[in-house]
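S.K.: build me a model:
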Amino acid sequence: MADNESSLRTDILSKELSALPQRVVVTDAYNVVIQSAVNLECRGRTSGAAKSLTEFYNLVRQVILDLERREETTKQGIICLTEEDLDFKKSDQITIVFSLVKRKPGAFGKGAPFESTTLAMTPILREELPDPDNPGYKRAVLGYCYDNEVRFTIFARTNKIANKYAEKFESLMMEYNWFFLREGVQKCWFLKRDSDFTVEESNAKMYGRPVHYFVRTEDLTTISQKTIEIIEIQRSTQRK
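M.R.: Got it, this is the predicted structure:
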């Protein structure tokens, strides 16, 4: 995130701005970013709230582990949640492979998922506070919202077991929907279940049940006046 932030600041600082007094340059560049963000009057604090897509996957992993603890699951019934390709060497294990099907800027208009044309193309200003590490400077937190279609494919060694765990996974996601919301996932909705399918390798078969979810996540980034100042000082030195 630091590299992206540095790139953003460098692009914002034009040649005209670089000719102005140093602190004016920093203030103007910082304000350009803040003013381009959507400022929500009802915005909430962000600390520990918003979740990215990767963090959502980790929450799903926590939910599965919690279920296994509650049910005192034996080793044979433990679920492997992974983003890697299916491992046929572990064909006796229930495996759920997750993958991203679609990802777009968050939509805030009316309509079903991915139908609205009112997209959040600009960041949302979540917080603007005095920089605790640099007195006299400001620091802002910007949120970038995304709508994601995520596929979880449940694999098992028989059709019966695959069906059982697909239904179990759907029920689990429904039961823990409050948990996802509490942890900062803005939306987590069941979309569909695709057709059953079978994969085979070296005479070993695995039966797949793909389940799709609509998930709205948010990536947070921090912009600091102090960081902009450091970049501009470095650029000024290089020009000399």
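S.K.: quick one, what contacts the closest residue to residue 78 other than its chain neighbours?
M.R.: Counting by C-beta to C-beta, 6 or more residues apart in numbering, residue 78 lies nearest to residue 68, which is 6.2 Å off, once chain neighbours are set aside. C-beta coordinates here come from the backbone N, C-alpha and C atoms, glycine included. By C-beta atoms under 8 Å, 6 or more residues apart in numbering, the contact set of residue 68 is 77, 78, 79.
S.K.: got it, and residue 137?
M.R.: Residues near residue 137 by C-beta under 8 Å, 6+ apart: 130, 131, 224, 225, 226, 229.
S.K.: 7 Å instead, please
M.R.: Shown in contact with residue 137 (C-beta atoms under 7 Å, 6 or more residues apart in numbering): 131, 224, 225, 226.
S.K.: what of residue 82?
M.R.: 95, 97.
S.K.: what's the biggest strand in this structure, counting residues?
M.R.: Using DSSP state E to define each element, the chain has its longest strand at strand 204-224.
S.K.: and that one, what other elements does it pack with?
M.R.: Counting contacts by 3 or more C-beta pairs under 7 Å, 6 or more residues apart in numbering; DSSP states H and E, strand 204-224 is packed against helix 53-70, strand 138-156, helix 159-175, strand 187-193, strand 197-201.
S.K.: identify each buried residue in it, please.
M.R.: Judged by neighbour count using 16 or more other C-beta atoms under 10 Å, the buried positions of strand 204-224 are 206-224.
S.K.: could you do stretch 149-168 as well?
M.R.: For stretch 149-168, using 16+ other C-beta under 10 Å, the buried residues are 149, 150, 151, 152, 153, 154, 155, 156, 157, 162, 165, 166.
S.K.: so how far is it off the chain centroid?
M.R.: In terms of C-alpha atoms, centre = their mean, to the nearest Å, the centre of stretch 149-168 is set 24 Å apart from its chain centre.
S.K.: what would that stretch look like as PDB? C-alpha coordinates only.
M.R.: Output of stretch 149-168 as PDB, limited to C-alpha atoms (Å, rounded to 0.1, in the frame of the first residue of the first chain):
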ATOM      1  CA  GLU A 149     -18.900 -12.400  -7.000                       C
ATOM      2  CA  VAL A 150     -17.200 -15.200  -5.100                       C
ATOM      3  CA  ARG A 151     -17.400 -18.900  -5.900                       C
ATOM      4  CA  PHE A 152     -17.000 -21.600  -3.300                       C
ATOM      5  CA  THR A 153     -16.800 -25.000  -4.800                       C
ATOM      6  CA  ILE A 154     -17.300 -27.900  -2.400                       C
ATOM      7  CA  PHE A 155     -15.500 -31.100  -3.400                       C
ATOM      8  CA  ALA A 156     -16.000 -34.600  -2.000                       C
ATOM      9  CA  ARG A 157     -15.400 -38.200  -2.900                       C
ATOM     10  CA  THR A 158     -19.100 -39.100  -3.500                       C
ATOM     11  CA  ASN A 159     -22.100 -37.200  -4.700                       C
ATOM     12  CA  LYS A 160     -23.900 -37.900  -1.400                       C
ATOM     13  CA  ILE A 161     -21.200 -36.300   0.700                       C
ATOM     14  CA  ALA A 162     -20.800 -33.400  -1.800                       C
ATOM     15  CA  ASN A 163     -24.500 -32.600  -1.500                       C
ATOM     16  CA  LYS A 164     -24.400 -32.900   2.200                       C
ATOM     17  CA  TYR A 165     -21.600 -30.400   2.600                       C
ATOM     18  CA  ALA A 166     -22.900 -28.000   0.000                       C
ATOM     19  CA  GLU A 167     -26.100 -27.700   1.900                       C
ATOM     20  CA  LYS A 168     -24.200 -27.500   5.200                       C
END
